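Engineer: Next one to model:
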Amino acid sequence: QVQLVESGGGLVQTGGSLRLSCVASERTFSNYVMGWFRQAPGKEREFVARISSGGAATNYADSTEGRFTISRDNAKNTAYLQMNSLKPEDTAAYYCAAATSWRAGPYGFNDWGQGTQVTVSS
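Structural biologist: You can find the predicted model right below:
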């Protein structure tokens, strides 16, 4: 099981930016697909973005594509989510997750972090 710790959340105004980080405990971090998800109060958790183990492939939700960028640094066991042009509807708890297979799709993630809160004020 991969231990994941997110950081970088906070309060930002509409149009602002934040970068989330997710540090993994696993030495074989480079073998995992990494993803970001979010959950707003009263709503189901939703997929935000994912990145392949080597970083060559990425996949985004329609609501975040063009504004958010997922990346990773395998030497640092860290995945990132750069969020630009933030909107109030981006307010949510953001979670990083790890999966062993790209083919499993956006919902093939088994290991989860505790989350970091992002609040976008209007």
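Engineer: quick check: mean pLDDT across the helix or strand in which A98 is found?
Structural biologist: Using DSSP states H and E, the element containing A98 is strand 92-99. For strand 92-99, the mean per-residue pLDDT is 97.
Engineer: Run a quick neighbour tally on K87.
Structural biologist: A count of neighbours around K87, defined by other C-beta atoms under 10 Å, yields 14. Where you see a C-beta, it was placed from the backbone N, CA and C, and this is true even at glycine.
Engineer: okay, it: pLDDT?
Structural biologist: At K87, the pLDDT recorded in the model is 96.
Engineer: just to revisit the earlier point, quick one: strands adjacent to the strand holding A98?
Structural biologist: strand 33-39 (antiparallel), strand 111-112 (antiparallel), strand 116-121 (antiparallel) (DSSP bridges).
Engineer: which residues are contacting the next helix or strand after the longest one?
Structural biologist: Using DSSP H and E, the helix or strand that follows strand 33-39 towards the C-terminus is strand 46-51. Contacts of strand 46-51 with the rest of the structure, by C-beta atoms under 8 Å, 6 or more residues apart in numbering, involve 33-39, 57-61, 64, 68-72, 79, 81, 94, 99, 106-107.
Engineer: Okay, angle between strand 46-51 and strand 92-99 too, please.
Structural biologist: Interaxial angle, strand 46-51 versus strand 92-99 (axes from the mean of the first three to the mean of the last three C-alpha atoms, to 10 degrees): 50 degrees.
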